[in-house]
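Engineer: turn this into a model:
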Amino acid sequence: MNLSNGFRIGDWDVLPLEGRIVRAANGHSETRRVRRKAMDVLCALAAQSGQVVERDDLLAAVWGRTAVTDEPLTSTIGELRRLLGENQGERRYIETIPKRGYRLLAAVEPLATAPAVPPATTEPMEQTTVPATRRRPIARFDWKVLVAVPLVLAAALFAWQRLTVPDAAPIPDDSIAVLPFEDLSPQGNQDYFAEGLAEELITLLTRVPALRVAARNSAFSFRGENLAVEQIAERLKVAHVLTGSVQRSGNQVRVTAQLVDARAGYQLWSDVYDRTLDDIFAIQDDIAGQVMEQLRLRLLGGELSVRETDPRAYTLYLQARHVGRQHTREGLERAAELYRQALAIDDEYLPAWNELAGVYFNLAGIVEMPRDEGFRLARQAAFKALAVDPAYAPAYDRLGWLAMYQDNDLRAAAEHYRRALELEPGNDAILSNAAVLAVALGRLDDAIALLRAGALRDPVSAVAHANLANAYLLARRYPEAERSIRNTLMLSPQYAGAHYRLARVLLAQGDLEGARQALAAEQLEAGQWLGQALLDNAEGRIAASDAALARVERRFGTRAAGNLAQVYAHRGDIERAFEWLEVEYEANGSGGFLEFRWDPLLDPLRGDPRWAALLERVGFGEAELGDVPFPAIAANYRKN
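Structural biologist: Below you'll find the predicted structure:
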């Protein structure tokens, strides 16, 4: 009997390749996910329907030599019974044969075809940096922003086997990924709620210093993929996986959750919560507490607890976060309105103040709100959060970013990040932004240590590898920069500006042909022309280099002033390079100089007295920054 396309037992259609079971109930389709080991056991029983399957045979077939006791099988049988809907003491599907094994009682009927897997979805990436301007809100052509925000996110998981994760280490015992919870709501369209619950659990577990939690972008990148939990855990380099589902109808909510030991392939814990929406925070507390208990973690200073609010405010908050990720003017403006509605209900809900600050950042960054107004409102929101809780780390992160990109005060930024990292040393977003500060201060080893840790926590994030590549490039560690930018392109082949970055790295290593091939794949006109100007100069074709630079100047003008200065410096035209750096400062402010100070292309300018004078005028002179302390936490990541 061929069961590869799926089979029916009792009320359920079993779809082995999709890792799920489906049944029609009350006029609606109910879907439940089944982890791989459990599906393997169910298929083994179905293949011998009505016959006793010995325990030893099941253990050998599903776990091989990894199982030294019967516990994985016993736990999995219990898990299957719950999934199939058997009540305590009821045996409609699986019968236990004492001292022998198990038998599938329900008749098995092969399915002719299996329902199609729903298409995977991808979300627009959030903007994590804000282009700096000084005199007027010009949308500056900024390669750092392009590296941080891809125009297209392609989940190229097929390339994983070729992806080189930096300094890969054995999977730590105290590591976990929280996968997006599945929306099983009868009315549908509750994805934002199910997704938000999983994100809140990620945030909650991240507060445990001893626990390594996979980043949200990586954990959610497998949504819709036809992969078993064990495969996802291997790719994320975690030992445990928390997964579940949400059914919401009006004020009623059912949350199921299960914690899986991905290495042994069996379930450590599972539970079902039938509550009202008013209890959603208690459910989050319970799930996090069970995870901690199962992983035998203990916190100093008490147990974890979520930040509670009125359920209406919480729902508005989740909706706002969902639409804000569209990163369009309409999406951001709608998100701001929803956050304000949530805060009208509860003006002490810290996450809403923090996310509202981020929306104002991004509205200013895409020039849909005057820069000064956007940053003023963002600062106001961050201080509102701190007025409620002076120990709220994300608000210090926001203020640190403002100090860098609006106030031009790296000393103040360092103090904000010291406090943020002191409060939440494992917060990936804070660590990533602190790495930007480390670059600005010239602490490139610290920046690389933090960004490498981010790439390990978020291994399928193209952004994480791109930012690491940028730090390696500034540190002149070209082979490592090449490795990281190629990782970016494996994960997102159309990543904006990545081929240009690769061409720069290859040129620095003398690989002119490789640089030419990289530029041929770059889709951004500015990247093609700037890279071609560099390549033509390296090959001695000055007229061709001039022509490429002229195209950049005509097309982008002052938005590309700093980039033009880079190419002129590389060509040895010191006068033109300084002229364009002056234009950069006047038109676009000091933001670009956070990296220009260290860019290898500008090396020919460093011996000129005008270089030090310009940096002092910009506010990034040695006298101002030479003794600014960087948070000591970076030293811990360098050791690791």
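
Engineer: for the nearest residue to D56 once chain neighbours are set aside, what are its contacts?
Structural biologist: Spatial nearest neighbour of D56, excluding adjacent residues (Cβ to Cβ, 6 or more residues apart in numbering): G101 at 7.9 Å. Yep, even glycine has a C-beta here, placed from its N, CA and C like the rest. The contact partners of G101, by Cβ atoms under 8 Å, 6 or more residues apart in numbering, come to 52-58.

Engineer: show me where the stretch 201-350 of the chain has helices.
Structural biologist: Counting by DSSP state H, counting those that start in this stretch, the stretch 201-350 of the chain has these helices, from start to end: 216-220, 229-236, 280-294, 311-324, 329-345, 350-365.

Engineer: what separation do you get for the residue nearest to D56 and I77?
Structural biologist: Computed as Cβ to Cβ, to the nearest Å, the G101 to I77 distance reads 10 Å.

Engineer: next: L59.
Structural biologist: 12 Å.

Engineer: what does P604 give?
Structural biologist: 71 Å.

Engineer: more crowded one of the two?
Structural biologist: The residue with the greater number of neighbours, taking P604 and I77 and applying other Cβ atoms under 10 Å, is I77; the counts read 21 against 17.

Engineer: can you read off the pLDDT for the more buried one?
Structural biologist: Reported pLDDT at I77 in the predicted model: 86.

Engineer: quick one: neighbours of D274, just the number.
Structural biologist: Other residues near D274 number 12, with proximity taken as other Cβ under 10 Å.

Engineer: so what's it up against?
Structural biologist: 252-254.

Engineer: swap the cut-off to 10 Å and go again
Structural biologist: Taking Cβ atoms under 10 Å, 6 or more residues apart in numbering as the contact definition, D274 lies against 247, 252-256, 283.

Engineer: R8: what secondary structure?
Structural biologist: Here R8 takes the strand state, with states given by DSSP: H, G, I helix; E, B strand; the rest coil.

Engineer: ok, and the closest non-adjacent residue to it?
Structural biologist: E109 (4.5 Å).

Engineer: and the helix or strand where the one you found lies, which strands flank it?
Structural biologist: Secondary structure from DSSP states H and E places E109 in strand 108-110. Looking at strand 108-110 with DSSP bridges, its partner strands are strand 7-9 (antiparallel).

Engineer: rounded mean pLDDT for the strand it pairs with, please.
Structural biologist: Averaged across strand 7-9, pLDDT comes to 89.

Engineer: which outside residues touch it?
Structural biologist: Residues beyond strand 7-9 that count as contacts (Cβ under 10 Å, 6+ apart) turn out to be 1, 13-16, 21-23, 42-43, 45-47, 49, 84, 92-94, 104-111, 114.

Engineer: would you mind giving me the ChimeraX syntax to select the buried ones in those residues?
Structural biologist: Command for ChimeraX, covering only those of the contacts of strand 7-9 found buried under the criterion 16 or more other Cβ atoms under 10 Å:
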select :13,14,15,16,21,22,23,42,43,45,46,49,84,93,94,104,106,108,111,114
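
Engineer: out of the contacts of strand 7-9, which are inside helices?
Structural biologist: Among those, the residues falling in helices (DSSP state H) are 42-43, 45-47, 84.

Engineer: taking the contacts of G101 one by one, which sit in helices?
Structural biologist: Filtering these for helices - DSSP H - leaves 55-58.

Engineer: just among those residues, which is most surrounded?
Structural biologist: L58 (22 neighbours).

Engineer: just the pLDDT for it.
Structural biologist: pLDDT, L58: 83.

Engineer: I'd say it and T76 touch.
Structural biologist: Yes: in terms of Cβ atoms under 10 Å, L58 counts as a neighbour of T76; the distance is 8.9 Å.

Engineer: for the strand holding E109, what is the average pLDDT?
Structural biologist: On average, the pLDDT along strand 108-110 is 87.

Engineer: same question, stretch 473-484
Structural biologist: With pLDDT averaged residue by residue, stretch 473-484 scores 94.

Engineer: burial measure for R8, as a count.
Structural biologist: Around R8 there are 18 other residues, counting by other Cβ under 10 Å.

Engineer: list the contacts for A577?
Structural biologist: Listed by Cβ under 10 Å, 6+ apart, the contact partners of A577 are 564-571, 601-602, 604-605, 608, 610-611.

Engineer: if we use 6 Å, what do you get?
Structural biologist: Contacts for A577 (Cβ atoms under 6 Å, 6 or more residues apart in numbering) come out as 565, 568-569, 605.

Engineer: go on, S49?
Structural biologist: Contacts of S49 were listed using Cβ under 6 Å, 6+ apart, and they are 104, 108.
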